[in-house]
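Student: Sharing a model that was predicted from the sequence below.
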Amino acid sequence: MKVAEPLELRHTDRAMTRAVTPHAESTILTDSQGIIAGETTIPSQGEQLPAYLAKPVSGDGPYLIILVVQEIFGVHQHIQDVCRRLAKQGYLAIAPELYFRQGDPHQYDDIPTLLSELVSKVPDAQVLLDLDRATNWAVRQGGDANKIGITGFCWGGRISWLYAAHNPQLKAAVAWYGKFSGNKTLTTPKHPMDIAADLSAPVLGLYGAEDGSIPLDQVELMRQALRAANATAEIVVYPEAGHAFHADYRPSYHQASAQDGWQRMLAWFAQYGVK
C-alpha cells in the first residue's frame, strides 16, 4: 500500500476576481462532505506553488488524478468548486495557481488589463513544468501515476490541449472552449492548431457555437488538423452556448450545455483509463 506524504491544507474563502462582474445567481456551491479540500503549496522550480486540492476522505488510494487548469481569473471559488465536484466522483483534483510568479489575478479590476499586464507575461513552458510538478506531487499524496487526466477552462482549455502533447503519462484531456490559434510570442510560441500531430493523449474539446472569440471556422480548421494527424480527439459544439458556458457564476452560463459537457467529460476520462 502506498503511503501518502503528510498533507497540510488551509481552508480559506477565495473571492472571485474583481474583473468578473456581475456574478450570476446560478452559482453552484459544492460542499466538502466526504472529501478533503483546501489550499496547499507544491515545491516547483525552487519556489512554493500555491494550489487547491480536493480528494475523497475514504480509501487509501491510489486515487485517479485530475489536473484542473484555471481560467484567466486564477484559482477562484468556481475552479475550487470544480475540484470538489471531481473529488466527489472519486478523483484527486489539483488546481495549481499558474500565474503566481507573475502576479495575482484577483487584484485586477478589468479583463483587458488582466490580459495585458499579467496573462500575456506567463510563459507556456513555465506552465507546463508547473503542471508536471503538480502531477508528481499529487502522486506523492496518494495519486495514481498511471491514471492522470487534465481539464481546463478558457485559458486553461488551451493549456489542456498543449499538455496533451507535452506529458506522455497523460491518459486523457478535456478542453473547455480553449482557443485553437493566436499570436505567436516568446511566451506562447505554439497553439493547439500547431501541435495536433503531437498529441499523445486523447482530447475532448467542448465549445459553443455562439462563442465570438472562437468562430466556427476555427473549430473546423482544428478538426481538419486533427483528422490529418490521425489524432484521437473529438470536438463537440453546443448550438446555443457561447464562451464560458460552464462558468455557473457568470451570466454566460448555459446550464444544459454545461451539464451535458460535464457528463461527456466524465465518460471521456472513463473511456481512456482515468476511471
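Tutor: Okay, I see it.
Student: Which helix or strand contains the closest residue to residue 179 other than its chain neighbours?
Tutor: In space, and not counting its chain neighbours, residue 179 is closest to residue 158: 5.2 Å by CB to CB, 6 or more residues apart in numbering. For glycine as for every other residue, the C-beta is placed from the backbone atoms N, C-alpha and C. Assigned by DSSP states H and E, residue 158 belongs to helix 155-164.
Student: same question, residue 179
Tutor: Going by DSSP H and E, residue 179 is not part of any helix or strand.
Student: Please apply the same query to residue 64.
Tutor: Here residue 64, judged by DSSP H and E, is contained in strand 63-69.
Student: With residue 146 instead?
Tutor: Secondary structure from DSSP H and E places residue 146 in strand 143-153.
Student: Neighbouring strands - and their directions - for that strand?
Tutor: Partners of strand 143-153 in the sheet, by DSSP bridges, are strand 63-69 (parallel), strand 172-176 (parallel).
Student: tell me the mean pLDDT for the longest one?
Tutor: Mean pLDDT, computed over strand 63-69, is 97.
Student: Check the shortest one too.
Tutor: This predicted structure assigns strand 172-176 an average pLDDT of 98.
Student: Offset the numbering so it begins at 34, please.
Tutor: Sounds good: first residue 34 from here, last item strand 205-209.
Student: between whichever helix or strand comes after it and helix 188-197, how big is the angle?
Tutor: Toward the C-terminus, strand 205-209 is succeeded by strand 236-241 as the next helix or strand (DSSP H and E). Regarding strand 236-241 and helix 188-197, their directions subtend 160 degrees when assessed with axes from the mean of the first three to the mean of the last three CA atoms, to 10 degrees.
Student: helices or strands up against strand 236-241?
Tutor: Taking 3 or more CB pairs under 8 Å, 6 or more residues apart in numbering; DSSP states H and E as contact, the helices and strands that strand 236-241 lies on are helix 188-197, strand 205-209, strand 266-271, helix 288-304.
Student: Using JSON lines, lay out these together with mean neighbour count and distance to residue 144.
Tutor: Converted to JSON lines, these look like this (neighbours: other CB atoms under 10 Å; distance: least, CB to CB, whole Å):
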{"stretch": "helix 188-197", "mean neighbour count": "26", "distance to residue 144": "11"}
{"stretch": "strand 205-209", "mean neighbour count": "29", "distance to residue 144": "18"}
{"stretch": "strand 266-271", "mean neighbour count": "18", "distance to residue 144": "23"}
{"stretch": "helix 288-304", "mean neighbour count": "17", "distance to residue 144": "21"}
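Student: In JSON lines: those, plus distance to residue 235.
Tutor: Putting these into JSON lines (distance: least, CB to CB, whole Å) gives the following:
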{"stretch": "helix 188-197", "distance to residue 235": "8"}
{"stretch": "strand 205-209", "distance to residue 235": "5"}
{"stretch": "strand 266-271", "distance to residue 235": "6"}
{"stretch": "helix 288-304", "distance to residue 235": "7"}
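Student: closest one to residue 92 among these?
Tutor: Ranking the helices and strands packed on strand 236-241 by proximity to residue 92 (CB to CB) places helix 288-304 first, at 17.9 Å.
Student: Which residues does the closest one contact?
Tutor: With CB atoms under 8 Å, 6 or more residues apart in numbering as the test, helix 288-304 has contacts from 59, 97, 99, 118, 122, 182, 184, 204-205, 207, 209, 235, 237, 239, 241, 269, 271, 273-274, 278-279, 281, 308.
Student: quick one: low-confidence ranges for this protein?
Tutor: Applying pLDDT under 70 to the chain flags residues 34-41, 43-56.
Student: and residue 103, how far is that from residue 217?
Tutor: Separation of residue 103 from residue 217 (CB to CB, to the nearest Å): 22 Å.
Student: out of those two, which sits in the more crowded spot?
Tutor: Higher neighbour count among residue 103 and residue 217: residue 103, with 25 against 11, using other CB atoms under 10 Å.
Student: What about that one? Give its phi and psi, please.
Tutor: The phi and psi torsions at residue 103 (degrees, to the nearest 10) take the values phi -60, psi 160.
Student: dump the residue contacts of it.
Tutor: Contacts of residue 103 (CB under 8 Å, 6+ apart): 109, 112, 128, 130, 131, 185, 186, 188, 189.
Student: Need those in TSV (columns: distance to residue 164).
Tutor: TSV is the format used below for the contacts of residue 103 (distance: CB to CB, whole Å):
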residue	distance to residue 164
109	19
112	14
128	11
130	12
131	8
185	10
186	15
188	13
189	10
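Student: Cheers, nothing more for now.
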